[in-house]
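> Quick one, fold the following:
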Amino acid sequence: MRTWTRAAGVLTGLTLTLTLGGAALAAPTARADIPACTHMVEQAGVTVTDAVRTACYQGVVSDLQGCKSGLAAAGVPGGAATGACLAAPHEPR
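Numbers count the residues shown, from 1 in each chain. Purely as a prediction, here's the structure:
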């Protein structure tokens, strides 16, 4: 009886794993708008560097604070940094 219980548990776990894995593969990928973020940085008069792109990526993954502090360190003024970071997680236009 114990073998059947163990086998049932393994099959249940395998079924759950395959179901969740399939759902993850079928889910649409989240798109983000790094170009909108970098464009706002350029409009603020700051050259887009790797540090700016990295900060914009943090905005894409919804790390608003990390994005703003990264852009501030790159010389982007506060209001422009906030606007750029808020634009990053949205779909491209």
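
> So which bits of stretch 75-83 are buried?
76, 80-83 (16 or more other C-beta atoms under 10 Å). Heads up, the C-betas are built off the backbone N, CA and C, glycines and all.

> next one: stretch 80-93
80-89.

> next one: stretch 42-50
44, 46, 48.

> which of those residues lies closest to residue 69?
residue 46 (14.7 Å; C-beta to C-beta).

> And the closest one, how far from residue 65?
To residue 65, residue 46 is 19 Å away according to C-beta to C-beta, to the nearest Å.

> do residue 81 as well
11 Å.

> Equivalent analysis for residue 52, please.
16 Å.

> Which of the two has more residues huddled nearby?
residue 52 (24 against 10; other C-beta atoms under 10 Å).

> who's in contact with that one?
38, 41, 46, 70-71, 74, 76 (C-beta atoms under 8 Å, 6 or more residues apart in numbering).
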